[in-house]
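K.L.:
Coordinates for the following, if possible.
(one chain, ligands or ions: 1)
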Amino acid sequence: SANQKVRTGRSGSVSSPPVEYDNAEKIDVNPPKGTRDFPPEDMRLRNWLFQNFREVSKQFGFEEVDFPVLESEALYIRKAGEEIRDQLYCFEDRGNRRVALRPELTPSLARLVIQKGKSVSLPLKWFAIGQCWRYERMTRGRRREHYQWNMDIIGVPDVTAEAELISSIITFFKRIGLTASDVGFKISSRKVLQEVLRCYSVPENMFGRVCIIIDKIGKIPMDDIRKDLQSADMSDVAIEELLQVLSLKSLAKLEEKLGASGEALSDLKQLFSLAEKYGYSEWLQFDASIVRGLAYYTGIVFEGFDREGKLRAICGGGRYDRLLSTFGGDDLPACGFGFGDAVIVELLKERGLLPELNLQVENIVCSLDQELQGAASAVATILREKGQSVDLVLENKPLKWVFKRAARINARRLILVGNAEWQKGMVNVKTLSTGEQLEIKVNELE
Ligand SMILES: OCc1cccc(Br)n1
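P.N.:
Sure thing, here's the model as predicted:
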């Protein structure tokens, strides 16, 4: 369509049909650079993490949604110089469409909300867990994909929404054994920045860009920060004043600076007062330097951090009241957060809080000779229809092998189908933890 200018010479490849491969060549059995396989033990940890994400989301009355991992590139092309754009995993598909592997979930959510339009009643409380991608030069050896848990509230303008989102993350942290002495939240509002920029008549259209520059404080030299701010039409006086305000860590000091009438202060005061009522004040601190690295935030922003300061931000989010209109939709008040699956696992490892997640199969069923394989599968079916898990031995194996496998899969019971017992309609049931052995009628198995 008209707005899909086919650009050339950009990062991202132009699509071409698959090439021929020499099947004699051994393919690389490792996953592509920056990506992971999830063999069983890793998948158990991932499922445990996601189960906690889901249970908390449901505890807060949120509904699960999902979107394609492949989206139009246009969803992510914002003009504020975000890192997420520099690392976009984008390409041209075979229909010459500019597409991208999603680097985050919020734009997809915004797109679906616009698509649903008036057919959904507000407020919307949606959550998603989805794989997100970035194409980063592997020089830094960082991952190119991660899974992100998102919760978003659409249609609530008050900071009661942000307070609820923070409460859900704290509930998650508590579920997995983390306390306010392990992690905390740095809280600020982009309205702080907005009020300072207005004082120095910095053009509104520079707001997103200034936020992205400020988010780089601590990641690039301060001289570069100052140079970037100058290139965003800020005077040296405005820059120094801004950097001074951003160093504030107390609301009282912020009030001295900005006065008591601004929205930034009233939002923050209301949020901290709600935190008191939720009972999670000890988890929060005001920190004016927090802006987050996404251009679309417009109000409260927050990020979860580990108090030992060894790890990158655990999660982050905030209010984004203007995102829908950037896609041509009618604006709706919105806020949400993203919570990646990498830093939290590093933190749990650090704190010795990784859960023991072993495979547990209730029964292993084995026939003692070839003719009884069918009988064994009948026994397996009876148990499965009772809701029990069964590992059915599928080949003629020596008992030694069966016992070894029973131990490896952590089976509770070994059920042997032998001729003599089967003639009597019985099977041999061995409780592996105690060694207790019983002959039980098949129709009395439970
Ligand atoms: O947090 C930024 C991000 C986005 C996509 C994939 C990965 Br890994 N990291």
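K.L.:
mind exporting the helix or strand where Lys430 lies as CSV, just the C-alpha atoms?
P.N.:
Secondary structure assigned from DSSP states H and E places Lys430 in strand 426-431. The C-alpha trace of strand 426-431 is given here as CSV (Å, rounded to 0.1, in the frame of the first residue of the first chain):
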residue,chain,number,x,y,z
MET,A,426,-4.0,-59.8,38.2
VAL,A,427,-0.8,-57.7,37.8
ASN,A,428,2.2,-57.2,40.0
VAL,A,429,2.5,-53.7,41.6
LYS,A,430,5.7,-52.6,43.1
THR,A,431,5.9,-49.3,45.1
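K.L.:
so how far is it from its chain's centroid?
P.N.:
Its chain's average C-alpha position is 45 Å from that of strand 426-431, according to CA atoms, centre = their mean, to the nearest Å.
K.L.:
Could you list every helix and strand that that strand packs against?
P.N.:
Secondary structure elements in contact with strand 426-431, counted by 3 or more CB pairs under 8 Å, 6 or more residues apart in numbering; DSSP states H and E, are strand 413-417, strand 437-441. Any C-beta I mention is one placed from the backbone N, CA and C, and that applies to glycine too.
K.L.:
Can I get the first one in CSV, CA atoms only?
P.N.:
What follows is strand 413-417 as a C-alpha-only set of coordinates in CSV (Å, rounded to 0.1, in the frame of the first residue of the first chain):
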residue,chain,number,x,y,z
ARG,A,413,5.1,-47.6,40.9
LEU,A,414,6.3,-50.4,38.6
ILE,A,415,3.5,-52.5,37.2
LEU,A,416,4.6,-55.9,35.8
VAL,A,417,2.3,-57.8,33.6
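K.L.:
Next, the angle strand 426-431 makes with it.
P.N.:
160 degrees (axes from the mean of the first three to the mean of the last three CA atoms, to 10 degrees).
K.L.:
Quick check: which of the helices and strands packed on strand 426-431 is buried the most?
P.N.:
The highest average neighbour count among the helices and strands packed on strand 426-431, using mean count of other CB atoms under 10 Å, belongs to strand 413-417 at a mean of 23.
K.L.:
starting at the chain centroid, how far to the following helix or strand past it?
P.N.:
Of the helices and strands lying after strand 413-417 in sequence (DSSP H and E), the nearest is helix 419-423. Remark: helix 419-423 is offset 54 Å from the chain centroid, using CA atoms, centre = their mean.
K.L.:
contact partners of helix 419-423?
P.N.:
Residues external to helix 419-423 that are found in contact with it (CB atoms under 8 Å, 6 or more residues apart in numbering): Leu368, Asp369, Glu371, Leu372, Ala375, Val427, Asn428, Glu439.
K.L.:
what do you get if the cut-off is 10 Å, keeping everything else the same?
P.N.:
Contact with helix 419-423 is made by 367-369, 371-372, 375-376, 378-379, 416, 426-429, 439-442, as judged by CB atoms under 10 Å, 6 or more residues apart in numbering.
K.L.:
next one: stretch 391-401
P.N.:
Judged by CB under 10 Å, 6+ apart, the contacts made with stretch 391-401 from elsewhere in the structure are 359, 361-370, 373, 376-377, 379-381, 383-384, 402, 404-406, 408-409, 411, 414-417.
K.L.:
Dump the helices and strands packed on strand 426-431 to TSV, plus distance to the ligand and mean pLDDT.
P.N.:
Formatted as TSV, the entries for the helices and strands packed on strand 426-431 read as follows, by distance: least, CB to the nearest ligand atom, whole Å; pLDDT from 0 to 100:
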stretch	distance to the ligand	mean pLDDT
strand 413-417	43	98
strand 437-441	52	97
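K.L.:
Go through these and name the closest to Thr106.
P.N.:
Checking the helices and strands packed on strand 426-431 against Thr106 by CB to CB gives strand 413-417 as the closest, at 48.4 Å.
K.L.:
helices or strands up against the closest one?
P.N.:
Counting contacts by 3 or more CB pairs under 10 Å, 6 or more residues apart in numbering; DSSP states H and E, strand 413-417 packs against strand 363-367, helix 373-385, strand 390-392, helix 399-408, strand 426-431, strand 437-441.
K.L.:
Could you single out the most deeply buried of these?
P.N.:
Stretch with highest mean neighbour count among the helices and strands packed on strand 413-417: strand 363-367 (a mean of 26; mean count of other CB under 10 Å).
K.L.:
partners of that one, with directions?
P.N.:
strand 390-392 (parallel), strand 413-417 (parallel) (DSSP bridges).
K.L.:
Now tabulate the helices and strands packed on strand 413-417 in a markdown table and tack on distance to Ser261.
P.N.:
A markdown table is the format used below for the helices and strands packed on strand 413-417 (distance: least, CB to CB, whole Å):
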| stretch | distance to Ser261 |
| --- | --- |
| strand 363-367 | 70 |
| helix 373-385 | 68 |
| strand 390-392 | 69 |
| helix 399-408 | 68 |
| strand 426-431 | 73 |
| strand 437-441 | 79 |
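K.L.:
Excluding sequence neighbours, find me the nearest residue to the closest residue to the ligand within the stretch 301-446 of the chain.
P.N.:
Among residues of the stretch 301-446 of the chain, the one nearest the ligand by CB to the nearest ligand atom turns out to be Gly340. It sits 5.8 Å away. With CB to CB, 6 or more residues apart in numbering as the criterion, Gly340 has its nearest non-adjacent residue at 4.8 Å, and that residue is His146.
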